[in-house]
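Undergrad: Structure, please.
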Amino acid sequence: MSEIQFLNVDLELESKQDISLLVADLKKSAVVLHYDKDEYRQLARIESNEDVISPDKAINHLCELIESCSRNALKQWLSCSKRTFDIGFESGTSPKCFNQALSADTLLRISAIGAGIEITIYPLSS
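TA: Residues are numbered from 1 along each chain as shown. Down below sits the predicted model:
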């Protein structure tokens, strides 16, 4: 039997402007999973390099990294049309009921930096 489990939180960014300073600042204490740019937009997917055991802790760690960015990187943050914490879970057959919570303080913190939340559920691995 496969258990439902929390996997990670990815910070997903999209902008029509340059976000290279923001990505560079976040890269100091996080893992850049993807950074791509073309003539229309720039996309980045960033994950905490901390060993996180819950979405709440992962999001708070990423918020700390964003809040500690340089002024110019924060300007790039504000230019992003997408600033989303994507919470990833792997599906499973047990337990019968599975939940993970975000505290009110975490939700306020997400709102204060102008980000959103997305949930991705991955199917069982074969």
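
Undergrad: Scan this protein for its longest strand.
TA: Across the chain, the strand with the greatest residue count (assigned by DSSP state E) is strand 5-15.

Undergrad: tell me what that strand is packed against?
TA: Applying 3 or more CB pairs under 8 Å, 6 or more residues apart in numbering; DSSP states H and E, one finds that strand 5-15 contacts helix 20-27, strand 42-48, helix 55-67, helix 71-79, strand 82-90. Heads up, the C-betas are built off the backbone N, CA and C, glycines and all.

Undergrad: make it 6 Å
TA: Applying 3 or more CB pairs under 6 Å, 6 or more residues apart in numbering; DSSP states H and E, one finds that strand 5-15 makes contact with strand 42-48, helix 55-67, strand 82-90.

Undergrad: Kindly reformat the ones you listed as CSV containing mean pLDDT, distance to residue 25 and mean neighbour count.
TA: Below are the helices and strands packed on strand 5-15 laid out as CSV (pLDDT from 0 to 100; distance: least, CB to CB, whole Å; neighbours: other CB atoms under 10 Å):
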stretch, mean pLDDT, distance to residue 25, mean neighbour count
strand 42-48, 96, 10, 21
helix 55-67, 96, 8, 19
strand 82-90, 97, 14, 18
